[in-house]
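Novice: need a structure here:
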Amino acid sequence: MLKRKNKKILSAVLAAAVLCGSAAVFAGCQNGGSDTSGTQNNNTTESSNDTESKESSETVSDEENTESSNDTESKDYSETVSDKESTESSENEHTYVEYGTANIGDSGTCGENVTWELRENGELVISGSGDMYDYSEGSLNTGYNIKTVVIEKGVSSIGNNAFHGFADMTSITIPDSVTSIGENAFYNCQGLTSINIPDSVTSIGNMAFYSCNKMKEAHISDSLTEIGDFIFESCEELTSVNIPDGVTSIGSSAFSACKKLKNITIPDNVTTIGTGAFNFCDGLTSINIPDSVTSIGDIAFASCDGLTSITIPDSVTSIGKMAFSDCKGLISVTIPDSVTTIGDGTFKLCEKLKSITIPPSVTSFGSDVFDQCPLINIKCKSGSAAETYAKENNIKFAVE
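Specialist: This is a model prediction of the structure:
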């Protein structure tokens, strides 16, 4: 799914441990220690005096080894901190941010020239200039008590995982100085009900709003040229979203499981609809695919129970496997002359599908194309591959 950057977690933990005693704002700091237990010889033939002498000798040896080990650990720690600083400097990646345990009035840094401050009523204010840091998934201290986030003008990017899991956040203000939103930036922000992305934003990372399951509206920047993978997946309450005219591709699972999405306009510049882009969108009753689209990915519209009809334009040359499978309300479909192959299970489990028009251009059929479609009637040309397919699979057909 999503590519993750490698993190030097050990170095981050060791470095953060130094701060535990003073600030208590880095949740996740852990006390560390080394195991320097000595090894005992269990030879029962030795005398008790020899045993005591040996144990005494081993204790002294162990103490010396422990001191040596501590020296080594100190050196390792120094090298680790150095590695951490080098890594952060070169990759702009940070393991900890202090929001999670902050109190009113606390502040800190979240970018080279970007700071944060927690104000009254759970308002987190991000200010400064330039980019926010990127953070690693799983190590971010999420802001459970933060209600609103205000990013002030001057900040130019929202980093990876910047607000990952802010469960209590209900609103976010993004200024027109921001040009990019990182991966997982608002992942699982379950209290967020709407988002307004200014036109200054030219890129949004994968899974940026994944599982924001109370979000109802999303206004997307008109400057975007692609909708990335999983961006709005599992936003179950999402009913309205605009896809800007400049967008040329809709990524894998971009709107998957947006169950209340009732209608969506795909602009004329879109050429590809990715794998699972709209699957499980139960609220969709119709979809207009523009004649700019050349490929429809696997399971792109699978399990869209409310979809009753669909017209595929002549520009489409490729329809993926199970692209319209399990669309229980689908009644009629027209396949364009540009399509040559209908893939495996494309209309499988479309229980109400009665009519499909298949042109002579289609010469190849995958397996189980119309499996469990009891009402299906194929409209085709005499002598076409579709007619032969219908006869071989005992499917009703009508020659035009």
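
Novice: mind checking how far Ala102 is from Leu124?
Specialist: Using Cβ to Cβ, to the nearest Å, Ala102 is found at 8 Å from Leu124. Where C-beta positions appear, they are placed from N, C-alpha and C, glycine not excepted.

Novice: ok now do the nearest residue to Ile266 once chain neighbours are set aside, which residues does it touch?
Specialist: What sits nearest to Ile266 in space, not counting adjacent residues and going by Cβ to Cβ, 6 or more residues apart in numbering, is Pro290, at 5.8 Å. Pro290 makes contact with 266-268, 270, 313, 315, according to Cβ atoms under 8 Å, 6 or more residues apart in numbering.

Novice: the domain parsing of the protein - what is it?
Specialist: According to automatic domain parsing, the chain comprises the domains 9-28+46-91, 94-222.

Novice: pLDDT averaged over the shortest one, what's the number?
Specialist: What it means is domain 9-28+46-91. On average, the pLDDT along domain 9-28+46-91 is 39.

Novice: same deal with stretch 102-114?
Specialist: The average pLDDT within stretch 102-114 is 89.

Novice: Repeat that for stretch 340-355.
Specialist: The average of the pLDDT scores along stretch 340-355 is 96.

Novice: centre of the chain versus that stretch, how much separation?
Specialist: Its chain's average C-alpha position is 29 Å from that of stretch 340-355, according to Cα atoms, centre = their mean, to the nearest Å.

Novice: Just the CA atoms of it, as CSV, please.
Specialist: Below are the C-alpha coordinates for stretch 340-355, written out as CSV (Å, rounded to 0.1, in the frame of the first residue of the first chain):
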residue,chain,number,x,y,z
THR,A,340,-11.5,-5.5,-27.0
THR,A,341,-11.4,-7.5,-23.8
ILE,A,342,-13.8,-7.9,-20.9
GLY,A,343,-11.9,-9.2,-17.9
ASP,A,344,-12.5,-11.8,-15.2
GLY,A,345,-15.6,-11.4,-13.2
THR,A,346,-16.3,-7.9,-14.6
PHE,A,347,-20.1,-8.1,-13.9
LYS,A,348,-20.1,-11.0,-11.4
LEU,A,349,-22.8,-10.9,-8.8
CYS,A,350,-24.8,-8.1,-10.6
GLU,A,351,-28.0,-9.8,-9.8
LYS,A,352,-30.3,-7.3,-11.5
LEU,A,353,-28.3,-6.8,-14.7
LYS,A,354,-30.7,-7.4,-17.5
SER,A,355,-29.2,-5.8,-20.6
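
Novice: which parts of it are buried?
Specialist: Residues of stretch 340-355 classed as buried by neighbour count (16 or more other Cβ atoms under 10 Å): 342-350, 353.

Novice: same question, stretch 385-393
Specialist: Residues 385-387, 389-390 are the ones in stretch 385-393 that count as buried (16+ other Cβ under 10 Å).

Novice: any chance of the residues you listed in CSV, plus distance to Asp131 and secondary structure?
Specialist: Output for these, formatted as CSV (distance: Cβ to Cβ, whole Å; DSSP: H, G, I helix; E, B strand; the rest coil):
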residue, distance to Asp131, secondary structure
Ala385, 55, helix
Ala386, 55, helix
Glu387, 61, helix
Tyr389, 56, helix
Ala390, 59, helix
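
Novice: out of these, what pair is the most spread apart?
Specialist: By the measure Cβ to Cβ, Ala385 and Ala390 form the most distant pair in the buried residues of stretch 385-393, at 9.7 Å.

Novice: quick one on the thing from earlier: what would the buried residues of stretch 385-393 look like in CSV with pLDDT and distance to Thr148?
Specialist: Output for the buried residues of stretch 385-393, formatted as CSV (pLDDT from 0 to 100; distance: Cβ to Cβ, whole Å):
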residue, pLDDT, distance to Thr148
Ala385, 97, 60
Ala386, 97, 58
Glu387, 97, 63
Tyr389, 97, 58
Ala390, 97, 60
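
Novice: my read: Ala323 touches Cys304, true?
Specialist: No - taking contacts as Cβ atoms under 8 Å, Ala323 lies outside contact range of Cys304: 10.5 Å.

Novice: Could you measure from Ser177 over to Val150?
Specialist: 13 Å.

Novice: The most centrally placed residue in the chain and Asn161, how far apart?
Specialist: Here the mean C-alpha position of the chain is nearest to the C-alpha of Met207 (Cα atoms, centre = their mean), at a distance of 2.5 Å. The gap separating Met207 from Asn161 is 10 Å, by Cβ to Cβ.

Novice: Which phi and psi values does Pro175 adopt?
Specialist: phi -80, psi 170 (degrees, to the nearest 10).

Novice: got a list of what it touches?
Specialist: Pro175 touches 151-155, 198, 200, counting by Cβ under 8 Å, 6+ apart.

Novice: Isn't the residue nearest to the centre of the chain up against Cys235?
Specialist: No - the criterion here is Cβ under 8 Å, and Met207 misses it with Cys235 at 11.3 Å.

Novice: tally of neighbours for Asp282?
Specialist: By the criterion of other Cβ atoms under 10 Å, Asp282 has 19 neighbours.

Novice: and it, helix, strand or coil?
Specialist: State at Asp282, reduced to three classes by DSSP: H, G, I helix; E, B strand; the rest coil: coil.
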